[in-house]
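S.K.: Following is a predicted model, sequence given first.
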Amino acid sequence: MSGTLSGESPEKLSEGLPGELSEELPEAALLTAAALVRRNAVRDGLGDAAAPWGLGVAVVVADLDVAAFLAGAADFALAIPADVRDGWYRSYTRTVFLAGTPASVAARHPHRHVTTDTRLSWHGPARRGALLPLSRLLRAFHGPAPIDVPPGPLTTAVSGTPSGRTVDAAIAIGGVSTHEYLIHAHHLIAEAALRGLIGPGDTIRVDHRQTLDVAEFRDVLDPARADRVQTRVTHRGTDPGRLRLYGLLTSARPEGGH
Amino acid sequence: MTLDHPPLLTPHTHKRPQNFPEPVTELVVAPVTITPTKPLTPTHIKGLLWTDLLVKASARVTGVRLVWNDRMATLTTQSTAFWHYLDLTEPCTDWSGESGTRIGERYVRFHAERRKPDPRALDDYLTRADDHGWVHPAGRRMLDLWRADLEVLGVDGLGLAENRPLAGTAGAMIEALAERGLLVDHRRFGGPVHLDGPRWGMPLRQLIGGDGHANYLMPILRELVPMVHSDRLFLLVHDEELTADYLLLERVLSEFGAKVTRLALSRVPVNGTVRSSRYGGWDGATLADLSAAPGTAGRAAYRLGMRMYFAGTLHRRSAQSFRMPLLRRCVGRAARLLDRAPVDRDETAGQQLMRTLSRLQAQLGYVDPYRLTTSSLGRRSTPPTPLLRALYT
């Protein structure tokens, strides 16, 4: 398969969630705790019903408008039918980014969602084999240049009747390539939407920062608040031994609530 | 005159209605490029002889223009990466007296070592090749050797010394492709530029790498697109292995309004194996070997026999391995045919040949060398007419 799978191996995370309160945890332990909270949430799934497992998604990228991408990720996740939503969630929202033009592949490979600028489309969730023909037709997205985001805070609207709610997200961009940004931001937004932290008509307000200082988000990272928080914590590309906070999203909606 | 479509439906397209096609008056033959980095193998000889015969024979019945420009081959990382390797490993070698086989051996070694050059080290090579027609001394030597062997073979009209600026710049080409929405351009992400094959159900095809270097498709487009004209038919002659790329080129050229046809030629296996010349295995079967092979045949018999073999026994899709004994038989038969005086007092044979050329040209838009050879130099053929001699020797 030509694409790069962005699903990670959570089992690599060091085992054991310390029992103390988060105020007493060093920053590294806070990140480990956040990663474990996410892993456990994914293992538990979204519901009790048995879900098909091993599902992936392909995103076709012709060009990148960051606001359209973030809203598109939420729109897509919210449009996924119930019978495959849990399966993709339990597969750690595995996603492959492919270089291509949505309009050129749509006839043979219908998308589930396409942005209004038609430069991004989402396919799946589906078993790997079902997405293989699309992956073979296209090439893995290659974007080693640093992510370029518009200056200042960014707001983008999720499709639907305006809900009046705002979801706050912070995403790290320092030393983050375009490709890595797609991976991190997509996991963050898609998982939050699948969990119900983002709903139709919400506004997503994104603060792009060079680094997300763990100390600053100590409260939000408290495992006790996990039902209203989505994190994106994973190993640094250049330093596999250390975890980094790549994204954080807080919602007024509790998990599962709409 | 009435149009097929109401005028309101046609302004988006510049194509003329199908019932009023402009007549094709010129055949533009564009053979796949060969990088001057190795000796010419039977696969190359087949391609060159097919092209030579096709051009000469078609020119008797229609306008023909051959597109050969060394720069299409020298302006590739395939050539420049090898030359960079030679400069690193043998900075002091005098290439002017080196043999083609010995240069080819270095080419094989270069590929075997799989050294990936620093892309930035090639920038200067590519710029010089593009702007000034620079060719590495080893490449110039290779071209000289090819030229000498091809002259013996009577393949003199290809213009192998042609090294002129490409008809269009890379920047203009990218712009023109982008205007037509044919690109997936990820340069601003540090990524590559692709041709949007999926719009035709074909795979996405890289045109420029993430390192900024274009592949061999770019010089072809830069040379051919500016030549597109309604009275021209483009014939792309290429290795069968490159069919996917050439199907895509055909579509892209068509997008620019070109009429295009293709001639895919199978490779000629040597000792039963088909492989790219970068892996070698051509010992004893290079053009230099063949033209130096001992024999009693004269030059005309050699030229005719080589054409009878490569264009008359090997058809376009032939999988037959190169057969030296069969080639020798062809040259022997050619010598006997040429020894017989042509019986063409009433010129009927000449007229018949012209009719054959017209018929073949009408079939495909060009004269197919295999069909011409088998029909005019088959088993019971009469001695070659002066016209046939002119085409084959």
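M.R.: Ah, there it is.
S.K.: gap between the two ends of stretch A:188-208?
M.R.: Using C-alpha to C-alpha, to the nearest Å, the end-to-end distance of stretch A:188-208 comes to 13 Å.
S.K.: same check, this time on stretch A:97-110
M.R.: 16 Å.
S.K.: which residues sit against it?
M.R.: Residues from elsewhere that reach stretch A:97-110 (C-beta atoms under 8 Å, 6 or more residues apart in numbering or on different chains): A:2-4, A:6, A:58-62, A:111, A:114, A:118-121, A:123, A:133-135, A:137-142, A:179, A:182-183, B:181, B:184, B:186, B:191-192, B:194, B:196, B:198-199, B:201, B:204. (Glycine included, C-beta is placed from N, CA and C.)
S.K.: do the same with stretch A:221-230
M.R.: The contact list for stretch A:221-230 (C-beta under 8 Å, 6+ apart) reads A:17, A:21-22, A:30-31, A:33-34, A:37-38, A:41, A:188, A:191-192, A:195, A:197, A:214, A:219-220, A:231, A:245, A:247-255.
S.K.: out of the residues you listed, which are inside helices?
M.R.: Judged by DSSP state H, those include A:30-31, A:33-34, A:37-38, A:41, A:188, A:191-192, A:195 as members of helices.
S.K.: May I ask you to confirm that residue B:41 is in contact with residue B:285?
M.R.: Yes. Using C-beta atoms under 8 Å, residue B:41 is in contact with residue B:285, at 6.5 Å.
S.K.: Mind checking which of those two has more residues around it?
M.R.: Counting neighbours by other C-beta atoms under 10 Å in any protein chain shown for residue B:41 and for residue B:285 shows that residue B:41 has the greater number, 25 against 22.
S.K.: For the nearest residue in space to the more buried one that is not next to it in sequence, which residues are in contact?
M.R.: Nearest residue to residue B:41, sequence neighbours excluded (C-beta to C-beta, 6 or more residues apart in numbering or on different chains): residue B:282, at 4.4 Å. Residues counted as contacts of residue B:282 (C-beta under 8 Å, 6+ apart) are B:38-39, B:41-42, B:104, B:270.
S.K.: Give me the phi and psi for residue B:282.
M.R.: Main-chain torsions, residue B:282, degrees, to the nearest 10: phi -110, psi 10.
S.K.: would a markdown table of the contacts of residue B:282 with secondary structure and pLDDT be doable?
M.R.: Converted to a markdown table, the contacts of residue B:282 look like this (DSSP: H, G, I helix; E, B strand; the rest coil; pLDDT from 0 to 100):
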| residue | secondary structure | pLDDT |
| --- | --- | --- |
| B:38 | coil | 95 |
| B:39 | coil | 95 |
| B:41 | coil | 95 |
| B:42 | helix | 95 |
| B:104 | helix | 95 |
| B:270 | strand | 91 |
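S.K.: Quick one: name the residues of the stretch 101-250 of chain A near chain B.
M.R.: With C-beta under 8 Å from any C-beta of the partner chain as the criterion, the stretch 101-250 of chain A meets chain B at residues A:101, A:103-105, A:108, A:136-139, A:141-145, A:148, A:177-179.
S.K.: one more time with 7 Å, if that's ok
M.R.: Residues of the stretch 101-250 of chain A found near chain B (C-beta under 7 Å from any C-beta of the partner chain) are A:101, A:104-105, A:108, A:136-139, A:142-145, A:178.
S.K.: Just flag the most distant two among the residues you listed.
M.R.: Spanning the widest gap among those are A:108 and A:145, at 30.2 Å by C-beta to C-beta.
S.K.: For these two, indicate the residue with more neighbours.
M.R.: Comparing residue A:108 with residue A:145 by other C-beta under 10 Å, the one with more neighbours is residue A:145, at 16 against 11.
S.K.: who are the neighbours in contact with the more buried one?
M.R.: Residues near residue A:145 by C-beta atoms under 7 Å, 6 or more residues apart in numbering or on different chains: A:177-178, B:189-190.
S.K.: Could you report the pLDDT at residue B:333?
M.R.: pLDDT, residue B:333: 94.
S.K.: Confirm that it sits in a strand.
M.R.: No. Using DSSP: H, G, I helix; E, B strand; the rest coil, the assignment for residue B:333 is helix, not a strand.
S.K.: any idea how far it is from residue B:297?
M.R.: Distance of residue B:333 to residue B:297, given as C-beta to C-beta, to the nearest Å: 10 Å.
S.K.: Would you reformat the ones in helices among the contacts of stretch A:221-230 as TSV and include neighbour count and pLDDT?
M.R.: Conversion of the ones in helices among the contacts of stretch A:221-230 to TSV gives the following (neighbours: other C-beta atoms under 10 Å in any protein chain shown; pLDDT from 0 to 100):
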residue	neighbour count	pLDDT
A:30	24	90
A:31	21	91
A:33	23	90
A:34	27	91
A:37	20	91
A:38	22	92
A:41	17	90
A:188	24	98
A:191	25	97
A:192	29	97
A:195	23	95
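S.K.: Where do the strands of the stretch 101-250 of chain A begin and end?
M.R.: Assigned by DSSP state E, counting those that start in this stretch, the stretch 101-250 of chain A shows strands spanning A:113-114, A:120-127, A:139-140, A:154-157, A:166-172, A:203-209, A:229-235, A:243-250.
S.K.: Alright, I will stop here.
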